[in-house]
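*Asks:* The following comprises the amino acid sequence and a computationally predicted model.
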Amino acid sequence: MHDLKLLRDNVAALREGMRRRQILDVAGPLIDRAEGLDRERRSLLARIEERKAARNAASQEVARRKKAKEDAEALIAETRALGDEIAALEREYDHAMSELERLQYELPNIPLPDVPDGGEEANTVVRTWGEPRPSDGVRPHWEVGAKLGILDLERGAKISGSGFVVLRGLGARLTRALMSFMLDLHTREHGYEEVWVPFLVNRRSMTGTGQLPKFEEDAYAATDDLFLIPTAEVPVTNLYRDEVLDASALPKAMTAYSPCFRREAGAHGKDTRGLIRVHEFDKVELVRYSVPEESPAQLELLTGHAEAVLQRLGLPYRVVLLAAGDTGFSSAKTYDLEVWAPGVGKWLEVSSCSTFTDFQARRANIRYRPGPGEKPRFVHTLNGSGLAFPRTIIAVLEHYQRPDGTVTVPEALRPYLGVDVLA
RNA sequence: GGAUGGGUGGCCGAGUGGUUUAAGGCGCACGCCUGGAAAGCGUGUGGGGUGUAACAGCCCUCGCGGGUUCGAAUCCCGCCCCAUCCGCCA
């Protein structure tokens, strides 16, 4: 969500941001409409407030006259008329404001200057780590997983449907190991506070981080107006919603495990095999709050924390800076971490590290006070996976695969898993 | 799920229709005083919007949303949250 003042002070920047996202054809008319509505709204507001001031003065005069036992009937009638006028104007105002708010929630964040122009094809690999293993002779994870008896896709589909998986034996234990390993790394070495949050959240939270209102069809809705979280970003970022933090609390760093539920509406037929794209998966998430001045550096830091997980696991990956047209709705800049999966022969996104500048903070009303006596400002929010489990498991099963179909357990996971080999 | 009691400014707390369109206190900031400090005294001290070159001014804000009224923290309706008790339950 953008500050309405942007419409008055720098609408060109907003327009340019939408052009860079390649949606100016759709967003341009929305911006024009919003500009008009904002003007209309402010002019109505001026008239309303003028009349309210008059009514307040008149009411006081009524009080004075009553106290003095003077006649106030004529004045009361006048004030009543003023009240009717105010009510009529307020109806107009509410009408304009609600449409303006709807438009506000429709417009995505403005990409940072160092985000490349263009669509997906303009995404830029900024660095690569490790040696991608050649695909020759490497079986895809679903074959290895089935053979090892740790992955049961058929029964996942039976009990829940396509896109739901059952892990068993060492596969189930691998999930538990990944959770502990990642949380330990981030809390002990990267300074994050571990939090455990609800996996059902209300509408306000989903709106705060930007999933709603625009992407409601992507979420699983429960009864009582609750939603299954698509990522721990939602509950964790919303932790300090409607609060003002002390400057000394920043930067704030929190990490949480959670399952993630995604309908993947519109993604059917893409990457349907195995663990690549599923409706429910597990993940450890990293969330940071920062002062605006430091958020670019904080994004680099957070991305490094996510990368550290892959490095500890010895999994080759690359860091991709997303182009403006491929950057998510709420994000101003995103690095995708893509792990190499030789079995399926693809780079798979295991983490998406983003800075949202004040876009989410404004929606969720998360502020901080720069100093004593100073006005609160919006924080900048950032987050990234650290990491998503299924694709990490894919990479482990494929990268560490042996000719006989067994899998070497990465050094870092052995203390958590208790075995050296998946066999 | 049922019952009862609550939700007021950073905190405590007064306030059942109009000099309370938020008293008083604490805390905090600044000033006076002091060799320095404490105490004391004085002044100031929420958030949002609109507006301005910047001030000022004005509007909104007493959990949230409606309603009654010339006027609502105060009256009415609905909802949310908290506490306690009962029931149920992992």
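*Replies:* Right, received. Where do you want to start? In this text, all values refer to a predicted model and were calculated from it rather than measured experimentally.
*Asks:* What's the local residue count around the residue of the stretch 151-300 of chain A found nearest RNA strand B?
*Replies:* Closest approach between the stretch 151-300 of chain A and RNA strand B, counting by C-beta to the nearest atom of the strand: residue A:244, at 7.1 Å. Where C-beta positions appear, they are placed from N, C-alpha and C, glycine not excepted. Neighbour count of residue A:244, defined by other C-beta atoms under 10 Å: 13.
*Asks:* Give me the mean pLDDT for stretch A:51-59.
*Replies:* Per-region confidence: stretch A:51-59 scores 90 on mean pLDDT.
*Asks:* could you pull out the strands for the stretch 151-300 of chain A?
*Replies:* Assigned by DSSP state E, counting those that start in this stretch, the stretch 151-300 of chain A shows strands spanning A:151-152, A:166-167, A:193-194, A:200-202, A:226-228, A:243-246, A:252-261, A:280-290.
*Asks:* If you average pLDDT over each of the ones you listed, which is lowest?
*Replies:* Among these, strand A:243-246 scores lowest, with a mean of 88.
*Asks:* Can you tell me which helices and strands it packs against?
*Replies:* strand A:366-369 (3 or more C-beta pairs under 8 Å, 6 or more residues apart in numbering; DSSP states H and E).
*Asks:* Any buried residues in the helix or strand hosting residue A:304, and which?
*Replies:* For residue A:304, the element it lies in under DSSP states H and E is helix A:295-313. For helix A:295-313, burial by neighbour count (16 or more other C-beta atoms under 10 Å) applies to A:295-296, A:298-299, A:301-303, A:305-310, A:312-313.
*Asks:* Specify which member of those is nearest to RNA strand B.
*Replies:* Using C-beta to the nearest atom of the strand, those come closest to RNA strand B at residue A:295, 19.3 Å.
*Asks:* if we can go back for a sec, deepest of the strands of the stretch 151-300 of chain A, which one?
*Replies:* strand A:280-290 (a mean of 25; mean count of other C-beta atoms under 10 Å).
*Asks:* Could you check the angle it makes with helix A:295-313?
*Replies:* Angle, strand A:280-290 to helix A:295-313, by axes from the mean of the first three to the mean of the last three C-alpha atoms, to 10 degrees: 140 degrees.
*Asks:* could you point out where the stretch 201-350 of chain A is predicted with low confidence?
*Replies:* Within the stretch 201-350 of chain A, the segments meeting pLDDT under 70 span A:267-269.
*Asks:* same thing but at 80, please
*Replies:* A:266-272 (pLDDT under 80).
*Asks:* of all the residues in it, which ones are close to RNA strand B?
*Replies:* Within the stretch 201-350 of chain A, no position is near RNA strand B by C-beta under 7 Å from any atom of the strand.
*Asks:* What residue in the stretch 251-400 of chain A comes nearest to RNA strand B?
*Replies:* Proximity to RNA strand B, evaluated over the stretch 251-400 of chain A using C-beta to the nearest atom of the strand, is greatest for residue A:376 at 4.8 Å.
*Asks:* Excluding sequence neighbours, find me the nearest residue to that residue.
*Replies:* Excluding the flanking residues, the one nearest residue A:376 by C-beta to C-beta, 6 or more residues apart in numbering is residue A:367, at 3.9 Å.
*Asks:* Verify the contact between that neighbour and residue A:241 for me.
*Replies:* No - applying C-beta atoms under 8 Å, one finds residue A:367 not in contact with residue A:241, separated by 10.2 Å.
*Asks:* For residue A:33, which non-adjacent residue is closest in space?
*Replies:* residue A:103 (6.3 Å).
*Asks:* Residue A:367 and residue A:241: which is more packed in?
*Replies:* residue A:367 (19 against 16).
*Asks:* give me every residue that touches the residue nearest to residue A:33.
*Replies:* The contact partners of residue A:103, taken as C-beta atoms under 8 Å, 6 or more residues apart in numbering, are A:30, A:33-34, A:37.
*Asks:* for those residues, which one is nearest residue A:409?
*Replies:* residue A:30 (51.9 Å; C-beta to C-beta).
*Asks:* Any idea how many residues pack against the closest one?
*Replies:* 16.
*Asks:* Confirm for me that it is in contact with residue A:106.
*Replies:* Yes - the pair residue A:30 / residue A:106 is scored as a contact, 6.1 Å apart, by C-beta under 8 Å.
*Asks:* Identify the residues contacting residue A:405.
*Replies:* A:139, A:144, A:147-148.
*Asks:* hmm, try it at 10 Å
*Replies:* Shown in contact with residue A:405 (C-beta atoms under 10 Å, 6 or more residues apart in numbering): A:139, A:143-144, A:147-148, A:397, A:422-423.
*Asks:* Is it possible to mark the buried ones in those?
*Replies:* By 16+ other C-beta under 10 Å, the contacts of residue A:405 give A:139, A:143-144, A:148, A:397, A:422 as buried.
*Asks:* Of those residues, which is the nearest to residue A:116?
*Replies:* Distances from residue A:116 to the buried ones among the contacts of residue A:405, taken by C-beta to C-beta, are shortest for residue A:397, at 33.3 Å.
*Asks:* mind checking how far the closest one is from residue A:341?
*Replies:* As judged by C-beta to C-beta, to the nearest Å, residue A:397 and residue A:341 stand 9 Å apart.
*Asks:* Identify the contacts common to the two.
*Replies:* Contacts common to residue A:397 and residue A:341, judged by C-beta under 10 Å, 6+ apart, are A:138, A:140-141, A:274-275.
*Asks:* Can you turn the buried subset of the residues you listed into a selection I can paste into PyMOL?
*Replies:* Per 16+ other C-beta under 10 Å, the buried members of the shared contacts of residue A:397 and residue A:341 correspond to this PyMOL selection:
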select buried, chain A and resi 138+140+141+274+275
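*Asks:* and the shared contacts of residue A:397 and residue A:341, which of them are in helices?
*Replies:* Secondary structure from DSSP state H places residue A:141 of those in helices.
*Asks:* and of the shared contacts of residue A:397 and residue A:341, the nearest to residue A:184?
*Replies:* Once C-beta to C-beta is applied, the member of the shared contacts of residue A:397 and residue A:341 that ends up nearest residue A:184 is residue A:275, at 23.3 Å.
*Asks:* give the contact list for that closest one.
*Replies:* A:140-142, A:145, A:151, A:153, A:165, A:167, A:281, A:341, A:344, A:348, A:388-394, A:397.
*Asks:* ok, 8 Å please
*Replies:* Counting by C-beta under 8 Å, 6+ apart, the residues that residue A:275 touches are A:141-142, A:145, A:151, A:165, A:281, A:390-391, A:393-394.
*Asks:* from the residues you listed, which single one is nearest residue A:75?
*Replies:* residue A:281 (67.8 Å).
*Asks:* Ramachandran angles for the nearest residue to the closest one once chain neighbours are set aside?
*Replies:* Of all residues not flanking residue A:281 in the chain, residue A:390 sits nearest, at 4.8 Å (C-beta to C-beta, 6+ apart). Here is the backbone geometry of residue A:390 (degrees, to the nearest 10): phi -60, psi -40.
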